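Student: Have a look; sequence and predicted model below, questions after that.
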Amino acid sequence: MSTTSEVIYKAPGRICLFGDHQDYLGLPIIACAINRFVELHAKPNDTKMFHLNMPDIKISRSFSIYESFDILEHADHIASTIRVVKKYGCFPDRGYSIILTGKIPMNSGLSSSSAVVVAWVRFLLNTFGCSQEITHNLIAKIAYESEVLEHNSPGGKMDQYTIAIGDMIFLQTNENTNFSKLENIPEGLIVGESGIPKNTQGVLGDLKSKALSSIEIVKKYDPTFELATATLLDIEKYDDLLTQELKPFFYASIKNHQITLEAAIILNEKTLNYQKIGRLINEHHLVLKDVLKITTPKIDAMINAAIQAGAYGAKIVGSGGGGSICVMASLENQQQVMIDIMKAGAKNVYPVSIVSSNNNCFI
């Protein structure tokens with residue numbers, strides 16, 4: 001936060017390395033905050049109004065600082081956040097004129113909407129106070145409640161917690177929401193944008209519903225079954241219980257969980273083995289592509305181009321149906337990989353680095 005009358009808050013985008021479509025099942029994920037940011041600039045005004053200007057999407061809105069938002073419009077996260085922060089003792093008492101801009105492409109799978117919510121929460125708490133100690137974890141919790149619970153959305157906790165906490169984290173997305181930071185940060189990360197908007201609500205809602213249905217059927221048969229401790233042997237054990245439609249979702253839940261757990265071990269080693277990490281990224285992507293079927297022909301072409309150019313691993317990021325890919329490559333080969341991804345039809349491609357909350361880059 002600046003020392004002048006204007007305050008500035010930043011929130012990064014995120015990429016998921018392991019655990020796509022796992023957080024809404026309460027399973028762990030590995031994700032990282034990247035150096036593409038949303039910025040919130042706010043100046044106090046002489047009114048009792050919030051005046052928000054979002055020039056990137058050509059939207060402006062104004063509302064009273066006392067507005068209760070008893071009725072929420074669809075995906076109005078600005079309003080839902082106001083409702084939630086009041087539960088934590090945060091009550092705006094002064095008007096502000098706010099400009100929200102960003103360099104996180106929208107509908108790209110890099111979580112631009114969650115970055116906006118995190119920046120908005122951070123501004124509100126730090127400006128107007130709170131009944132609890134303001135921490136990255138509290139900001140993540142409020143952002144999750146504002147974006148997901150208030151709107152009864154199908155998403156999980158990955159986006160809000162990764163963005164608010166920063167770095168690369170192993171996040172338990174169950175009721176405890178524990179996390180640990182992975183200290184050995186990988187290099188050579190690349191984002192490739194397909195230019196095809198992702199379909200978050202449609203894809204997430206469908207996949208979540210079918211995954212939960214498959215797990216419910218198994219638990220009715222065997223009340224001792226726990227997804228968090230399931231192994232690949234359980235896939236065959238309960239195979240006869242499930243319809244052909246639901247079998248892929250049960251398999252993907254367990255397989256992706258196993259990949260994430262194996263990746264956590266490798267990423268915690270003192271010296272990173274990029275070949276092993278890349279192999280697991282590719283395994284994860286194949287489940288997303290061939291089992292959950294959330295890719296598109298352009299995404300597939302970009303992934304194939306990256307691998308053929310010598311990348312260690314590549315996968316789709318985000319809910320699916322479009323969006324972006326993330327790639328891990330050697331620094332020496334990074335430029336060639338990016339060239340080949342563009343040739344495969346990407347709208348944009350660029351290297352990214354993992355950013356930390358400890359160096360004050362978020363405020």
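Tutor: All right, it came through fine.

Student: Tell me which helix or strand comes right after the longest strand seen in the chain.
Tutor: If you go by DSSP state E, the chain has its longest strand at strand 29-44. Following strand 29-44 in sequence order, the next helix or strand is strand 49-54 (DSSP states H and E).

Student: Touching, Glu145 and Val84? I think so.
Tutor: Yes: counting by Cβ atoms under 8 Å, Glu145 touches Val84, with 5.0 Å between them. In short, each C-beta sits where N, CA and C put it, glycine included.

Student: May I have the phi/psi pair for Phe179?
Tutor: Here is the backbone geometry of Phe179 (degrees, to the nearest 10): phi -150, psi 160.

Student: Can you name the residues that contact it?
Tutor: 161, 165, 169-172 (Cβ atoms under 8 Å, 6 or more residues apart in numbering).

Student: And stretch 50-65, what's buried?
Tutor: Within stretch 50-65, the residues scored as buried using 16 or more other Cβ atoms under 10 Å are 50-54, 56, 65.

Student: Show me the contact partners of that stretch.
Tutor: By Cβ under 8 Å, 6+ apart, stretch 50-65 touches 45, 48-49, 78-79, 92-102, 106.

Student: please redo it, this time with the cut-off set to 10 Å
Tutor: 38, 40-43, 45, 47-49, 67, 69, 76, 78-79, 82, 91-106, 112, 116, 120, 124, 128 (Cβ atoms under 10 Å, 6 or more residues apart in numbering).

Student: Taking the buried residues of stretch 50-65, tell me the two that lie furthest apart.
Tutor: Asp56 and Ile65 (24.2 Å; Cβ to Cβ).

Student: Glu145 and Val84: who's more crowded?
Tutor: When Glu145 and Val84 are compared for neighbours, Val84 comes out ahead with 23 against 19, by other Cβ atoms under 10 Å.

Student: Just give me how far the helix or strand harbouring the more buried one sits from the chain centre.
Tutor: Element membership of Val84 [criterion: DSSP H and E] is helix 77-87. Once both centres are worked out by Cα atoms, centre = their mean, to the nearest Å, helix 77-87 turns out to sit 20 Å from its chain's centre.

Student: Next, the angle from that helix to strand 49-54.
Tutor: 140 degrees (axes from the mean of the first three to the mean of the last three Cα atoms, to 10 degrees).

Student: List the buried residues for the helix or strand following helix 77-87?
Tutor: Using DSSP H and E, the helix or strand that follows helix 77-87 towards the C-terminus is strand 96-102. Neighbour-count burial for strand 96-102 flags 96-100, 102 (criterion: 16+ other Cβ under 10 Å).

Student: ok, the residues you listed vs Thr271, which is closest?
Tutor: Thr271 has its nearest neighbour among the buried residues of strand 96-102 in Gly102, at 35.5 Å by Cβ to Cβ.

Student: can you tell me how far that closest one sits from Ala344?
Tutor: 26 Å (Cβ to Cβ, to the nearest Å).

Student: What about Tyr251, how many residues nearby?
Tutor: By other Cβ under 10 Å, 20 other residues sit near Tyr251.

Student: Not counting its neighbours along the chain, what's nearest it?
Tutor: Ile235 (5.3 Å; Cβ to Cβ, 6 or more residues apart in numbering).

Student: per-residue pLDDT, the closest residue to Leu227 other than its chain neighbours?
Tutor: Nearest residue to Leu227 in three dimensions, chain neighbours excluded: Ile215, at 5.7 Å (Cβ to Cβ, 6+ apart). Looking at Ile215, its pLDDT reads 97.

Student: tell me which element Ile215 falls in.
Tutor: Assigned by DSSP H and E, Ile215 belongs to helix 200-221.
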